[in-house]
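Trainee: sequence first, predicted coordinates after that:
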Number of protein chains: 4
Amino acid sequence: MGAGETSTDDEVPSRNAIMDATYRALAKHGYADLSMQDIADEFEKSRSLLHYHYDTREDLILAFVDDLIGWIGSELEKTGTEDPRTRLIEYVDRFTLGERDRRRGFVVALFELRLQAPHNRKLREKLTKHYQRNVDTAAGIIEDGIEAGVFEPVAPREIAEHIYSSMQGAAFHEVVLGAEGATRRMRDGLLEYIVGELVVVPALLESAFDEKSDL
Amino acid sequence: MGAGETSTDDEVPSRNAIMDATYRALAKHGYADLSMQDIADEFEKSRSLLHYHYDTREDLILAFVDDLIGWIGSELEKTGTEDPRTRLIEYVDRFTLGERDRRRGFVVALFELRLQAPHNRKLREKLTKHYQRNVDTAAGIIEDGIEAGVFEPVAPREIAEHIYSSMQGAAFHEVVLGAEGATRRMRDGLLEYIVGELVVVPALLESAFDEKSDL
Amino acid sequence: MGAGETSTDDEVPSRNAIMDATYRALAKHGYADLSMQDIADEFEKSRSLLHYHYDTREDLILAFVDDLIGWIGSELEKTGTEDPRTRLIEYVDRFTLGERDRRRGFVVALFELRLQAPHNRKLREKLTKHYQRNVDTAAGIIEDGIEAGVFEPVAPREIAEHIYSSMQGAAFHEVVLGAEGATRRMRDGLLEYIVGELVVVPALLESAFDEKSDL
Amino acid sequence: MGAGETSTDDEVPSRNAIMDATYRALAKHGYADLSMQDIADEFEKSRSLLHYHYDTREDLILAFVDDLIGWIGSELEKTGTEDPRTRLIEYVDRFTLGERDRRRGFVVALFELRLQAPHNRKLREKLTKHYQRNVDTAAGIIEDGIEAGVFEPVAPREIAEHIYSSMQGAAFHEVVLGAEGATRRMRDGLLEYIVGELVVVPALLESAFDEKSDL
DNA sequence: CATGAATGAGTTTTCATTCAT
DNA sequence: TATGAATGAAAACTCATTCAT
């Protein structure tokens, strides 16, 4: 009873504290070994209190996923520009830059949750939607760029998907398998592609290039 | 102690059967929910026998990882050609083609195991080595191609890493997040890159292209 | 982790009930065959509750030993006299008298626990201390008696050790090997020694004895 | 079938090796933690072979007790003298002297087995008999001494029991509870008693003593 | 809100024992 | 004799969850 209906509240301080504790516990133990006790240990309160706020463990996890996804979404929307070129680069940077260690736990936690998707319908629905939103965001930027004539006329969704998958693959290898710098290298590769192939070269410049290449 | 030395034996029929059962159980339940009982359920013999062959659950998992890695390695080596271009395409195909449903469980299982790496040193060592071997294989092919003059003079390890990460990222999204066809699309994109940018265009053809593009 | 800090609390009703249950289970099954289930069977609550209060079987056993030792210590201190002769006899009686059957299980249980000492450091430390305290108690009484001039000037620690070892040896044989009455006979022998050899015979009495023996 | 009837053979080399292995395993792990595997580990052969020779674990333990008891009995009979005084001292020495570490494991092992007696009828019968034989041996020596006029006319069984219990009590404390030297001190005390109180002082000597004490 | 106590189902692991070879 | 493989029962321990306070 009481607040046990797993509502979507944010303002409740305990709930936020639980989300934070869950994040820390997840980073520390990994999803496969994550117990309610582990979360309670990161929280300063008792195990029972977790159940007061979330009826079941699954409820808590699902709420945590909502929390995480919401946070990513809000990060992604921050921008002060309209220029598709800048926005696309910001998009890539958002997924690839950041203090290494702060990123690490976060990325691992997100991958762990995603890997539960194949075994949990509710989780799958939430995360599938999240993935699509992420790709859509990039696709939207690319479409805008094409319309504005600053990007070549590529297939927006496919290019967006490529960009997103590549970044995620690199993050996975860096964070999970110790491929130090893989994310950074992937970012550089993607920027090279964006600047070198996706962005339309103004006629003036292009002719300049052609002349150069003639040499 | 019995036979629990966790050796690398094949030949022992029960051990192979256990590896198979583990594979099926892992695909069915996911790593986080994988119990010895789940494995025993996929096995025709008793639960105790699992412990007769592998002292602990962890030993069994590690043996399974060895098994899996060994199998992937042997698949990767199969080729009848010397031509770097063909070999690189084969490499990509090996990670991206295959009957969809047979792949699915396998890919998920492997990702799940990889995500345990940050929390388990032994696993991390095995999988890190495996990742490096996979990238090295591609890098080797690219080097061969550059030496043979059929590939442009790129940085082999970086390109190899890009290719591998991209494929893995696409597989992750397809299999885990329901991005149907993402692997296939990524393959096509990579082949386009290989054929269109990596492979050296013979002078003759090149001028032909130039002429064409003039039209 | 819960309340598993294995503290020395009494007051907690469950903990006391667990100690009692352990005592009964130990007397019934013997240490070598003592399972958590056996203890739970003597307990009115569930098996899990044992683990709630004591993280491991070993913790429970160690707590039980503390409990037992504390109880013996408090028994040993009960006396209303200052006279070393009476106190020494009380000391002997405390270890040798008592309703036979109530003692039986208790003595066996304590011997069983002691025999784990060679294989368990923590147990050894506790029990070694207990043994020394028991011998020290007797040695203290003897010292007091010597100082007070009521005991002959013997070596207190050695006599104390002899008394204690003899009583324990007799108890062992009676309770473990069916030497009925051995404890009682040892008590009588010890009293004979105390009265006849340890206690100083006042000169007056002594001459009386001499005269008697002259007859 | 076969040799599985748990017969009393000695000549079978394997059986002797098993008894030795059992002894070592018992000294190493303690009775409460003694598994068939532990015995097999000390043996150089397989666990199954233990069951070939002894149908059950209990059979093996009982056979081991027979073995141990027989060995002690044969040690106790070794003597080259008829003099009850010497024989009694030899008796005491047999239980109290010997290289400390060789004794240690042996004594612990025997005590551990004895403590199973209250929980196992067959064991109890064997060990009770053994205990009585040991006490009877001493009682016999004392009786012989009394008859021969070299010992005071004491109650043989009671004195024998006192001697035996005291020695065992001291051994227990030394070996189990770390009372270093307790056995040796008890031996000295017992010899003092034998020489000073049990042995008849020839009239001549006695008067000499009396004169001395007159001083 | 918050907790400690309590539970039952389930987990990994151990172990004596059996059996085919 | 001797073994490795196999098993079922039971062991210790974990854990999400409930409940009275």
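Mentor: Arrived safely, thanks for sending.
Trainee: and chain A, which residues reach DNA strand F?
Mentor: A:Asp33, A:Leu34, A:Ser35, A:Met36, A:Gln37, A:Arg47, A:Ser48, A:His51, A:Asp55, A:Thr56, A:Arg57, A:Glu58 (Cβ under 7 Å from any atom of the strand). All C-beta spots, glycine's among them, are computed from the backbone N, C-alpha and C.
Trainee: buried ones among the residues you listed?
Mentor: Buried subset of the residues of chain A next to DNA strand F (neighbour count, 16 or more other Cβ atoms under 10 Å in any protein chain shown): A:Leu34, A:Met36, A:Arg47, A:His51.
Trainee: flag the shaky bits of chain A, pLDDT-wise.
Mentor: By pLDDT under 70, the low-scoring segments of chain A are A:1-12, A:203-215.
Trainee: biggest helix in it by residues?
Mentor: helix A:121-147 (DSSP state H).
Trainee: how about it, which residues are buried there?
Mentor: For helix A:121-147, using 16+ other Cβ under 10 Å, the buried residues are A:123-124, A:126-128, A:130-131, A:134-135, A:137-146.
Trainee: which ones among these also lie next to chain D?
Mentor: Subset of those in contact with chain D: empty, counting by Cβ under 8 Å from any Cβ of the partner chain.
Trainee: closest one of the buried ones among the residues of chain A next to DNA strand F to chain B?
Mentor: A:Leu34 (8.4 Å; Cβ to the nearest Cβ).
Trainee: thought A:Ala27 was touching the closest one, still the case?
Mentor: No - between A:Leu34 and A:Ala27 there is no contact under Cβ atoms under 8 Å: 10.0 Å.
Trainee: just to revisit the earlier point, widest-spaced pair of the residues of chain A next to DNA strand F?
Mentor: With distances taken as Cβ to Cβ, the most widely separated pair in those is A:Asp33 and A:Asp55, at 22.2 Å.
Trainee: A strand includes A:Asp55, no?
Mentor: No - under DSSP: H, G, I helix; E, B strand; the rest coil, A:Asp55 sits outside any strand and is assigned coil.
Trainee: what about stretch A:40-49, near DNA strand E?
Mentor: Yes - Stretch A:40-49 reaches DNA strand E (Cβ under 7 Å from any atom of the strand) through A:Lys45, A:Ser46, A:Arg47, A:Ser48, A:Leu49.
Trainee: got the CA coordinates for that stretch in CSV?
Mentor: The C-alpha trace of stretch A:40-49 is given here as CSV (Å, rounded to 0.1, in the frame of the first residue of the first chain):
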residue,chain,number,x,y,z
ALA,A,40,20.6,-1.6,0.1
ASP,A,41,24.3,-1.5,0.9
GLU,A,42,24.9,1.4,-1.4
PHE,A,43,21.7,3.0,-0.1
GLU,A,44,22.2,3.8,3.5
LYS,A,45,18.8,2.4,4.4
SER,A,46,17.4,-1.1,4.9
ARG,A,47,16.5,-3.7,2.4
SER,A,48,12.9,-3.5,3.5
LEU,A,49,12.7,0.1,2.4
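Trainee: hmm, who's touching it?
Mentor: Residues outside stretch A:40-49 that contact it (Cβ atoms under 8 Å, 6 or more residues apart in numbering or on different chains): A:14, A:17-18, A:20-22, A:24-25, A:28, A:36-37, A:50, C:1.
Trainee: filter these by proximity to chain B?
Mentor: Counting by Cβ under 8 Å from any Cβ, nothing from those sits close to chain B.
Trainee: quick one, which of those residues are buried?
Mentor: Neighbour counting over the contacts of stretch A:40-49 (16+ other Cβ under 10 Å) leaves A:Ala17, A:Ile18, A:Ala21, A:Thr22, A:Arg24, A:Ala25, A:Met36, A:Leu50 as the buried ones.
Trainee: redo those residues as TSV? Include secondary structure.
Mentor: Output for the buried ones among the contacts of stretch A:40-49, formatted as TSV (three-state DSSP):
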residue	secondary structure
A:Ala17	helix
A:Ile18	helix
A:Ala21	helix
A:Thr22	helix
A:Arg24	helix
A:Ala25	helix
A:Met36	helix
A:Leu50	helix
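Trainee: from the buried ones among the residues of chain A next to DNA strand F, pick the one nearest C:Ile163.
Mentor: Of these, the one sitting nearest to C:Ile163 (Cβ to Cβ) turns out to be A:Arg47, at 52.9 Å.
Trainee: quick check: chain neighbours aside, which residue is closest to that closest one?
Mentor: Leaving aside its sequence neighbours, A:Arg47 sits nearest to A:Ala40 (Cβ to Cβ, 6 or more residues apart in numbering or on different chains; 4.3 Å).
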